[in-house]
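Asker: just the structure for this:
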Amino acid sequence: MSTPFPAGPPVHIVENHHEVLPFWSALRRRLGLAPVVLTLDFHTDTLPAFDHCRQHGRPHPPVGAALTEVLPLLRHDEHLDYALQAGFIRQAFVCSHVNFSRDVNPAIQILHDPATPSYPQSADADAGYRRYADRVLETDYLSRRLRRAEAFQFRPGATPFILDIDLDYFQTAAGMKPQTPQLFHHLIRQAAAVTISRETIWVELLRLAGETIDADNLLAQLRQHIDQAGSGEA
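Answerer: So this is what the prediction gives:
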């Protein structure tokens, strides 16, 4: 659903990540050109379009078919490749916490630091990762990722882009409460649009031990960031 905010870019909220495609398609028509996507996500979401269908021998419509036919057969990790093939976007940058991608569409750049701590498999092993997860909106964290994107001529403000946020990007409550939100708010202000994927189940699966965050409270806090950015607050 598209949600009005007092100021700032249009915001569109979906449950599953691939459901952003109709909005991206409409935005591309409105802009008159294909924008770039900057995604904040736990995963990379770089599988080829209809990969799941092919693996199970299921037929699927061609790229460019009506999205009412396409969406039921796409999965939430195949939308970037589809959007690129369909011309909805021209390039994607994915700021992720893991990277197991292989044979990725060359128009997708993964802004993942190999030094990122491994996601913990038990509560006893999460201390290092928790420190990392608490900082995922801090200006120094985001600026390091964006420096990698600059090598591909991506510069917020100079390049029309969609700021795309999957709520499973956040595994701790502190991760949504940066001490230095200036760059995140700058990205919100500069974006042509913001898309948010709730991914309710993934948020609950990936939150760290002892955390009570869920899609509803993360979305409420993200709305506050968007409001603050739109009003010019730091």
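Asker: tally of neighbours for L33?
Answerer: Residue neighbour count, defined by other C-beta atoms under 10 Å, stands at 10 for L33. Glycine gets a C-beta too; all of them are placed from N, C-alpha and C.
Asker: nearest residue to it in space, please, no chain neighbours.
Answerer: P160 (6.7 Å; C-beta to C-beta, 6 or more residues apart in numbering).
Asker: V104 too?
Answerer: Nearest one to V104, counting by C-beta to C-beta, 6+ apart, is T46 at 4.6 Å.
Asker: for L33, see how far away that neighbour is.
Answerer: Distance, T46 to L33, using C-beta to C-beta, to the nearest Å: 23 Å.
Asker: output the lowest mean pLDDT helix or strand found in the protein.
Answerer: strand 2-3 (a mean of 54; mean pLDDT, DSSP states H and E).
Asker: still on that earlier bit, the residue nearest to L33 is in contact with R30, isn't it?
Answerer: No. The pair P160 and R30 does not pass the contact test of C-beta atoms under 8 Å, sitting 10.6 Å apart.
Asker: who's more crowded, those two?
Answerer: Remark: of P160 and R30, P160 carries more neighbours, 19 against 11, as counted by other C-beta under 10 Å.
Asker: please name every helix or strand in contact with the lengthiest helix in the chain.
Answerer: Identified as the longest helix of the chain according to DSSP state H is helix 215-230. Packing partners of helix 215-230 (3 or more C-beta pairs under 8 Å, 6 or more residues apart in numbering; DSSP states H and E): helix 182-190, strand 193-197, helix 200-206.
Asker: again, only this time at 6 Å
Answerer: Using 3 or more C-beta pairs under 6 Å, 6 or more residues apart in numbering; DSSP states H and E, the elements in contact with helix 215-230 are helix 182-190.
Asker: would you mind measuring from the closest residue to L74 other than its chain neighbours to A92?
Answerer: Leaving aside its chain neighbours, L74 sits nearest to H18 (4.6 Å; criterion: C-beta to C-beta, 6+ apart). For H18, the distance to A92 equals 13 Å [C-beta to C-beta].
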